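Peer 1: What follows is a predicted protein model with its sequence.
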Amino acid sequence: MSEVDQSTEQIANDLKNLSTGPVEDAVEDAVEDAVEEVLTAEERATDLLESSYSVVVKLADQQADANSPLYSAKSFEDLGLHEDLLKGIYNMKFAKPSKIQERALPLLLQNPPRNMIAQSQSGTGKTAAFALTILSRINYDLHAPQALVLSPSRELARQTMEVIQEMGKFTQVTTAQAIKDENLPPKVNSHIIVGTPGTVSDLIKRRVIDAKNIRLYVLDEADNMLDMQGLGDQSRNLKKLLPRDCQIVLFSATWADRVRQFAHEIAPKANEITLKPEELSVDGIKQFYVDCRSQSKENKTQKYDILVGLYSLLTVSQSIIFVKKRETADEIAQKMSEKHHAVVSLHGKLEAAQRDEVIDSFRAGKSKVLITTNVIARGIDIANVNMVVNYDMPTDQYGRPDPETYLHRIGRTGRFGRTGVSVNFVHDNKSMQVMNDIEAHFDRKMVALPDDLDEAEEIIKKAMKST
Ligand SMILES: Nc1ncnc2c1ncn2[C@@H]1O[C@H](COP(=O)(O)OP(=O)(O)OP(=O)(O)O)[C@@H](O)[C@H]1O
């Protein structure tokens, strides 16, 4: 058998291994469903450029010269980016690279390309780091997919696509979104594809996307995707369809130890940028909690009343309320709307078009309060969100504290040095324990708010201004 035949056969086998089920919303459904199923079974958790966090850079190639000016670039020009990209960056009002951009870009852009596993706090500009890498590596004369970016939700895929388009505005780049219900031509020849894993797998399987020229494979929120049952396999199977020398780039704010091992398997010999857990909290986000236990045994009602009591604060700017179940999101949204409070809900059970409508109106500031599940806990970047409420503390499918999800949720505020406040609702001893464990994990104290809501409001308002 010739080499070409062998690799064709390998690809055919790999295609068979890709999930053939309804994979559309696999990642987000997995996040939501896992939690919901177990709950039912049991009866059912400034200026950033001047911030002081330290970054540890581990070079896979120990011979590399860590003192090279490339490893400590101070401006976008120093990175040797093409003029068209510099125009795009400055058009977006980026004056200087953030720390992760400064550290990651020289490693990402080196030749021959090296894999990368990178970590940086939420809202610190990881998207631009991989977007610039992709835009720098595209051969614009070749009209074929050359970079593949996977995101865990359609909302994040759409947002990432917009960033890439804006950054590449002065280039000849062409892009395509591989998300549910997107109208794509029978053969996609755009340079860059951004999508969710299920849809991308399906399109490659149906040969709508030809993977043979892909030279960059980026998993954004990579720990999330690699940690999900089935989806880790899906991401790995997808990788097998890509050329051997494809550069694999994994980004996230969080990397639980158990996931790191998968990361190294999918991105062998990767350069690595890591942070310690205690460096992960964004200083600009002030973290509070309300103890709902003290006032009523009817915890559910009590939580809801407190949320409604905080409504004027929620609408000072924009806010996101995270709940565990889709039903809770809808229930609260409906109850609050009946009281003429302007809130919207977003979760994986909505139709694709509805989801787009909800997030677009929230992004445009037309709605001020968004009630949602973990489906948009990651990556969503909306500058005006200055408050996040954990109506239900984040737990995994076994009911254990989920510090990673906590960090991503609260990271929807305090973006790129902005002001942010997060408020956790504690309604029983278990949720208190979850919160205490998360506090311990990040070595960060959460401040108790007084029972008196007026007083609590004053404290939060002050924190919103002072951070
Ligand atoms: N160098 C820069 N100068 C100014 N603003 C920047 C720069 N880099 C990124 N930003 C802005 O910072 C915000 C956060 O960036 P981004 O969404 O990439 O964060 P992230 O690190 O991916 O966060 P998350 O972990 O939540 O996904 C965006 O609004 C982006 O436009």
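Peer 2: All right, it came through fine.
Peer 1: show me what contacts whatever residue of the stretch 201-350 of the chain ends up closest to the ligand?
Peer 2: Using Cβ to the nearest ligand atom, the single residue of the stretch 201-350 of the chain nearest to the ligand is Ala253, 4.0 Å away. Any C-beta I mention is one placed from the backbone N, CA and C, and that applies to glycine too. Going by Cβ atoms under 8 Å, 6 or more residues apart in numbering, Ala253 touches 119-122, 124, 126, 280, 407-408, 411.
Peer 1: I'd like to know how many residues surround Tyr217.
Peer 2: Neighbour count for Tyr217, taken as other Cβ atoms under 10 Å: 24.
Peer 1: heads up, I number from 360, so please use that
Peer 2: With the count now opening at 360, the last piece we talked about shows up as Tyr576.
Peer 1: For it, give me its contacts.
Peer 2: Contacts of Tyr576 (Cβ under 8 Å, 6+ apart): 506-507, 509, 597-598, 601, 605-608.
Peer 1: Name the SS class of it, please.
Peer 2: The local conformation at Tyr576, judged by DSSP: H, G, I helix; E, B strand; the rest coil, is strand.
Peer 1: re earlier: would you reformat the contacts of Ala612 as a markdown table and include distance to Ile680 and neighbour count?
Peer 2: Formatted as a markdown table, these follow (distance: Cβ to Cβ, whole Å; neighbours: other Cβ atoms under 10 Å):
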| residue | distance to Ile680 | neighbour count |
| --- | --- | --- |
| Gln478 | 27 | 26 |
| Ser479 | 26 | 25 |
| Gln480 | 22 | 26 |
| Ser481 | 18 | 25 |
| Thr483 | 24 | 24 |
| Lys485 | 25 | 23 |
| Leu639 | 23 | 23 |
| Leu766 | 17 | 25 |
| His767 | 15 | 25 |
| Gly770 | 15 | 27 |
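Peer 1: just these now: which is nearest Pro627?
Peer 2: Gln478 (17.9 Å; Cβ to Cβ).
Peer 1: which residues sit against stretch 445-454?
Peer 2: With Cβ under 8 Å, 6+ apart, stretch 445-454 has contacts from 435-436, 440, 487, 491, 494, 525-530.
Peer 1: picking up where we left off before, looking at the contacts of Ala612, spot the one nearest Ala622.
Peer 2: Nearest member of these to Ala622, counting by Cβ to Cβ, is Gln478, at 10.1 Å.
Peer 1: Just the local confidence number for the closest one, please.
Peer 2: Predicted confidence (pLDDT) for Gln478: 94.
Peer 1: For the ligand, see how far away it is.
Peer 2: For Gln478, the distance to the ligand (Cβ to the nearest ligand atom, to the nearest Å) stands at 9 Å.
Peer 1: got it, and Gly773?
Peer 2: Separation of Gly773 from the ligand (Cβ to the nearest ligand atom) stands at 10 Å.
Peer 1: Quick check: nearest residue in space to that residue, chain neighbours excluded?
Peer 2: Ranked by Cβ to Cβ, 6 or more residues apart in numbering and with sequence neighbours excluded, the top spatial neighbour of Gly773 is Gly779, at 3.0 Å.
Peer 1: Do a quick rundown of the helices in the stretch 610-759 of the chain.
Peer 2: 616-625, 658-668, 670-673, 685-697, 711-722 (DSSP state H, counting those that start in this stretch).
Peer 1: Include distance to the ligand when you put those into JSON lines, please.
Peer 2: Shown next, in JSON lines, are those (distance: least, Cβ to the nearest ligand atom, whole Å):
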{"stretch": "helix 616-625", "distance to the ligand": "15"}
{"stretch": "helix 658-668", "distance to the ligand": "24"}
{"stretch": "helix 670-673", "distance to the ligand": "20"}
{"stretch": "helix 685-697", "distance to the ligand": "20"}
{"stretch": "helix 711-722", "distance to the ligand": "12"}
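Peer 1: Include mean pLDDT and mean neighbour count when you put these into TSV, please.
Peer 2: Shown next, in TSV, are those (pLDDT from 0 to 100; neighbours: other Cβ atoms under 10 Å):
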stretch	mean pLDDT	mean neighbour count
helix 616-625	91	15
helix 658-668	83	17
helix 670-673	88	18
helix 685-697	94	17
helix 711-722	96	17
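Peer 1: and Glu461, which of those is closest to it?
Peer 2: The nearest among those, by Cβ to Cβ, is helix 616-625 at 22.1 Å.
Peer 1: Among the contacts of Ala612, which one lies nearest to Glu514?
Peer 2: Among these, and counting by Cβ to Cβ, the member closest to Glu514 is His767, at 13.2 Å.
Peer 1: Up against the ligand, what does this protein have?
Peer 2: By the rule Cβ under 6 Å from any ligand atom, the part of the chain lying against the ligand is 453, 456-457, 460, 479, 481-487, 612, 738, 740, 770, 774-775.
Peer 1: looking at this structure, which helix or strand is least sure?
Peer 2: helix 385-400 (a mean of 40; mean pLDDT, DSSP states H and E).
Peer 1: one step back: mind putting the helices of the stretch 610-759 of the chain into a markdown table with distance to Gln469?
Peer 2: Formatted as a markdown table, the helices of the stretch 610-759 of the chain follow (distance: least, Cβ to Cβ, whole Å):
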| stretch | distance to Gln469 |
| --- | --- |
| helix 616-625 | 19 |
| helix 658-668 | 49 |
| helix 670-673 | 46 |
| helix 685-697 | 44 |
| helix 711-722 | 35 |
